[in-house]
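Asks: Show me the folded form of this:
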Amino acid sequence: MTDVRLHITDSGGEGRPVVLIHGWPLSGESWKAQRRALTAAGYRVVDYDRRGFGESDKPETGYDYDTFADDLQSVLTDLDLVDVTLVGFSMGGGEVARYLSRHGESRVRSVVFAAAVTPYMHKTDDNPDGPLDDELYGQLRGGLVEDRDAFFDDFVHGFFSVGDDLKVGDGEIKDARELAQQSSQTAAVGAMDAWATTDFRPDLPLVTVPTLVIHGSGDGTVPFEGSGARTHAAIPHSQLVVIDDAPHGLNVSHADEFNAALLAFLGDEAPGVDA
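Replies: Below is the predicted model of the structure:
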């Protein structure tokens, strides 16, 4: 059991549980469109703010994927959730992969990797297809450390853009920026280091439950070819849905298409269809 208090939102009810794991640097509130759709379809919807983000406690330590996976285990055990679908968005996809390799699949029915950072973002000699090289990573980290406000403004715009084409309105930009600002700086930097440099390649072959990989074709933050395509290839039984012209934040910008793919997967685990 984690000694950090995590802010959890739980719709309750008798429906099959779906646990939503948010991306960096946001909080569980970034799942609003999915909460509504899943609750309306009869599922029990649980999401939580990662340690250091949103309304959860903000300790000075624990910003690594083993600890994040242990926090997720605490959520599942504290709520006594079984037959769960885990939906990990962006860095949350890393939690899904590490959770299964660290804690097993006994509580898990199926998983979803949504615009996920798996299998390994960092470009290295033995990972030449990693989409994040040292120069870009240094720029991102330096920007966050030197001017957090300006960094979040730029990052959020890129999060919802395909090239120069912003796919959401001012309200969605404002909401995301405010969620990002709820993070502690220690958490923001520590979690960035985690998603940028953690190698999930050993974790993915251990995924045996039904799996959906969903990604935007225009994702400039976690590019599809370096992440979603490789995750799909690493889990041979996985289903793939690629949403055309969707940015990284596709669960907001293309919520209807995202929700339709998610509900179809939850409903009958039918093969994914490229959109």
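
Asks: what are the phi and psi angles of the spatially most central residue of the chain?
Replies: With distances taken as Cα atoms, centre = their mean, the residue of the chain nearest its centroid is F89 (1.8 Å). Dihedral pair for F89: phi -100, psi 130, per degrees, to the nearest 10.

Asks: For N259, see how far away it is.
Replies: F89 is 13 Å from N259, where distance means Cβ to Cβ, to the nearest Å. Glycine gets a C-beta too; all of them are placed from N, C-alpha and C.

Asks: try Y137
Replies: For Y137, the distance to N259 equals 32 Å [Cβ to Cβ].

Asks: ditto for D245
Replies: Applying Cβ to Cβ, the value for D245 to N259 is 17 Å.

Asks: which one of these two has more residues nearby?
Replies: Neighbour count, other Cβ atoms under 10 Å: between D245 and N259, N259 has more, with 18 against 15.

Asks: What residue, apart from its backbone neighbours, is nearest that one spatially?
Replies: Once flanking residues are discounted, N259 sits nearest to A37: 4.2 Å by Cβ to Cβ, 6 or more residues apart in numbering.

Asks: mind listing what that neighbour touches?
Replies: A37 is in contact with 255, 259, 262-263, counting by Cβ atoms under 8 Å, 6 or more residues apart in numbering.

Asks: and what of G171?
Replies: Contacts of G171 (Cβ under 8 Å, 6+ apart): none.

Asks: That one - that's part of a strand, no?
Replies: No: assessed with DSSP: H, G, I helix; E, B strand; the rest coil, G171 is helix; it does not lie in a strand.

Asks: can you pull the pLDDT of it?
Replies: What the model reports for G171 is a pLDDT of 97.

Asks: ok, D10 to A115 distance?
Replies: Per Cβ to Cβ, D10 is found 24 Å from A115.

Asks: neighbour-wise, which of those two wins?
Replies: Neighbour comparison, D10 and A115: the larger count goes to A115, with 31 against 15 (by other Cβ under 10 Å).

Asks: name the element D153 belongs to?
Replies: Using DSSP states H and E, D153 sits in helix 148-159.

Asks: Show which residues not belonging to that helix make contact with it.
Replies: For helix 148-159, contacts defined as Cβ under 8 Å, 6+ apart pick out 25, 140, 143-144, 166, 173, 176-177, 180-181, 185, 188, 220-221, 247-249.

Asks: Of those, just the buried ones, PyMOL syntax please.
Replies: Applying 16 or more other Cβ atoms under 10 Å to the contacts of helix 148-159, the buried members can be selected in PyMOL as follows:
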select buried, resi 25+140+144+166+173+176+177+180+188+220+221+247+248+249
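
Asks: Restricted to strands, list the contacts of helix 148-159.
Replies: Those of the contacts of helix 148-159 mapping onto strands are L166, per DSSP state E.

Asks: OK, contacts around V117?
Replies: Contact partners of V117, counting by Cβ under 8 Å, 6+ apart, are 90-91, 93-94, 195, 198, 200, 222, 227.

Asks: right, I mislabeled it, should have said G42
Replies: Contacts of G42 were listed using Cβ under 8 Å, 6+ apart, and they are 13, 15.

Asks: Averaged pLDDT, stretch 82-97. What do you get?
Replies: Stretch 82-97 shows a mean pLDDT of 98.

Asks: Please apply the same query to stretch 175-191.
Replies: Averaging pLDDT along stretch 175-191 yields 98.

Asks: End to end on that stretch, go ahead and measure it.
Replies: By Cα to Cα, to the nearest Å, the extent of stretch 175-191 from end to end equals 20 Å.

Asks: For that stretch, what is the distance to the chain centroid?
Replies: How far stretch 175-191 lies from its chain's middle: 15 Å, per Cα atoms, centre = their mean, to the nearest Å.

Asks: Since that was my last question, I'll sign off now.
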